[in-house]
Structure formats: structure tokens, C-alpha cells
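Participant: here is a sequence with its predicted model. Questions after.
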Amino acid sequence: MSTTETLGYVGALVVGLVLGLIGGGGSILTVPLLVYLLGYNPIVATAYSLFVVGITSMVGTYQKYKKGLVDIKTGVAFSFPSFVAVYLSRRFLVPGIPEILFSSDNFQLSKGMGIMIFFAFIMLLASFSMIKKGKEKIISLHPQPYYKTFIQAIIIGTITGVVGAGGGFLYVPALVIWANIPMKKAVGTSLIIITINSLIGFTGDVQTLDIEWVFLLTFTIISIIGILIGIFLSKFISGKKLKKSFGFFVIIMAVYIIFKELI
């Protein structure tokens, strides 16, 4: 096993630890790790990220469910329009993006570059949601009509499908504002949506990509070990402080990705 491969598997453990400690951020680490350290194509990296995040989120869902912090009915209902969007974006939208998005005399924006830059901007959004002080929102007694939630879930699903992200930082506020679920329960419920979306989205990639199953399953198993360690350590470590620190780290990573892709 090469040094790079060993570092990649250490990274897989860190991905799981982050998910276990702060309940999100797995794909934020997984995609850059696969692209910049292990040398995977961004399309393949975002596909692998969906599988890794989907399986590890499934483990997280079970842990939250045991604590009574998962609203299964709402999670499954909300996930329907979202997973349709994720699947269609992975099956048709991503493969249909032109290989060259923009070209001039001195610059050429490829499909891979475009996806990584878009991913970096999503990372910046995620970082701001991690850094800002969380406040319990005033929950409306009248949830918005389902057709509005349907449209919003389609938009979120498309974004997460393109960048290969779990999208927890988008789903949690959606569940609080639109489904009137308390914050702690929204975090647990979002894991159901992330699990369903990610794994169904990945099935769209299976039909268009050659998957290295031995590597992907090994990476995922190590991430699962990481999330179990992270969940155990979360009893002793302040998740809020970690989340804020991780948010600043994500900003640095996002700026690095933009700089590396454009310069």
C-alpha cells in the first residue's frame, strides 16, 4: 500500500470522526480528499462521496433513532422529491454537462473545474451555517403548503446531486422552518434524507461509471469506524465549539479549491 493510499484511508477515518462529532461535513472532506490526495476525477469523487456519506449517515440515523431524535415519517415524506432530483441529476444532468464549459485564448473552464468551483461555493455556504451562533427558531403553527416544500426539496436535491454532498446544512433548516421540527430532532431526521438521497443518487452513477468497489467499500468501512468513534467522543467534547472551528477550516479549504482550480 502506497503512502498516498494510506493517507487516504486515514482521511476516511477523519471523515467518519467529523460526522460523528458534529453530525455533518462528511462530503466537505471526502470530495477534496479523493480529488487532490488520491487523484480521482471530480465526477468519480462526487459519486464515491455520495456512497460514503450515505452509508455513514445510515449508521448515524440508527444512533439518533435510539435516542428518539428521528421523525421517520417526516424524513421519508420530505426525501421523496429530493431523492428524485438527486437521482436525475446524477443519472442525466452531470453526464450531460459539456466537457468544456468556457474557453478563451488564455483560459479554459472544464467540467471538472466547474464542479469543483461550484462545490467550493457550497462549502462556503456550509461554513457560514457552522460558524454563526445557532438559535432556536420560532416555529410557525401552520406549515407551508406541501407544493412549496416539494419545489424547495427539488432545488436542494439538485444542488446536492451535482456536488455529491449529503446536504445536511441545507436540510436541517428546511425541516425546522418548513416541517416545524425542533432543531435537535431536525438534525437526526435530516440523516434519513441524506441516507436515502445519497444512496439513490449513487445508483445513477453506477449506470454511468466504473466503480472500484474494493477501494470504495474499504474507504466506507473505515469511515463507519470513524463515525462510531466520533459518536463516542461526542459525549466528552463540545460539538458546538468543534462545529465552529470546523467551519473556519472549511472556509480555508474552499478558498484553496478555488485558488487551485483557477490559478
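Facilitator: That came through fine. Predicted model only: the values in this text are computed from it and were never measured.
Participant: please, which helix or strand holds F83?
Facilitator: Assigned by DSSP states H and E, F83 falls within helix 72-88.
Participant: pLDDT of that helix, averaged?
Facilitator: For helix 72-88, mean pLDDT rounds to 85.
Participant: for the record, mean pLDDT for whatever helix or strand V18 lives in?
Facilitator: Using DSSP H and E, V18 sits in helix 3-22. Averaging pLDDT along helix 3-22 yields 84.
Participant: what about it, distance to the chain center?
Facilitator: 15 Å (Cα atoms, centre = their mean, to the nearest Å).
Participant: again with stretch 107-123
Facilitator: Centroid displacement of stretch 107-123 relative to its chain, using Cα atoms, centre = their mean, is 16 Å.
Participant: tell me which residues touch the closest residue to G16 other than its chain neighbours, please.
Facilitator: Nearest-residue entry for G16: G226, 2.1 Å, with adjacent residues in sequence omitted and distances by Cβ to Cβ, 6 or more residues apart in numbering. C-beta coordinates here come from the backbone N, C-alpha and C atoms, glycine included. Residues near G226 by Cβ atoms under 8 Å, 6 or more residues apart in numbering: A12, L13, V14, V15, G16, L17, V18, L19, G20, T56.
Participant: can you do 7 Å?
Facilitator: Under the criterion of Cβ atoms under 7 Å, 6 or more residues apart in numbering, the contact list for G226 reads A12, L13, V14, V15, G16, L17, G20.
Participant: before we move on, what about Y87?
Facilitator: I200, G201, T203, G204.
Participant: among the residues you listed, who's most crowded?
Facilitator: Per-residue neighbour counts (other Cβ atoms under 10 Å) across these peak at G201, which has 31 neighbours.
Participant: would you agree that residue is in contact with R90?
Facilitator: Yes - counting by Cβ atoms under 7 Å, R90 is a contact partner of G201 at 4.6 Å.
Participant: overlap in contacts of these two?
Facilitator: Counting by Cβ under 7 Å, 6+ apart, the contacts common to G201 and R90 are G161.
Participant: that older thread, and the helix holding V18, what does it pack onto?
Facilitator: Here helix 3-22 touches helix 26-32, helix 42-66, helix 213-233, helix 239-262, going by 3 or more Cβ pairs under 7 Å, 6 or more residues apart in numbering; DSSP states H and E.
Participant: rerun at 10 Å
Facilitator: helix 26-32, helix 42-66, helix 183-206, helix 213-233, helix 239-262 (3 or more Cβ pairs under 10 Å, 6 or more residues apart in numbering; DSSP states H and E).
Participant: returning to that earlier point: now the helix holding F83: buried residues?
Facilitator: T74, G75, F78, S79, P81, S82, F83, V84, A85, V86, Y87, L88 (16 or more other Cβ atoms under 10 Å).
Participant: what angle separates it from helix 42-66?
Facilitator: Computed by axes from the mean of the first three to the mean of the last three Cα atoms, to 10 degrees, the angle separating helix 72-88 from helix 42-66 equals 170 degrees.
Participant: what does the next helix-or-strand element following helix 72-88 contact?
Facilitator: Downstream of helix 72-88, the first helix or strand assigned by DSSP H and E is helix 94-96. Residues outside helix 94-96 that contact it (Cβ atoms under 10 Å, 6 or more residues apart in numbering): 42-43, 46-47, 88-89, 111, 115, 161-164, 201, 204-205, 207-209.
Participant: how far off centre is helix 94-96?
Facilitator: Helix 94-96 has its C-alpha centroid displaced from the chain centroid by 19 Å (Cα atoms, centre = their mean).
Participant: how about stretch 233-243?
Facilitator: Per Cα atoms, centre = their mean, the centroid offset for stretch 233-243 relative to its chain is 20 Å.
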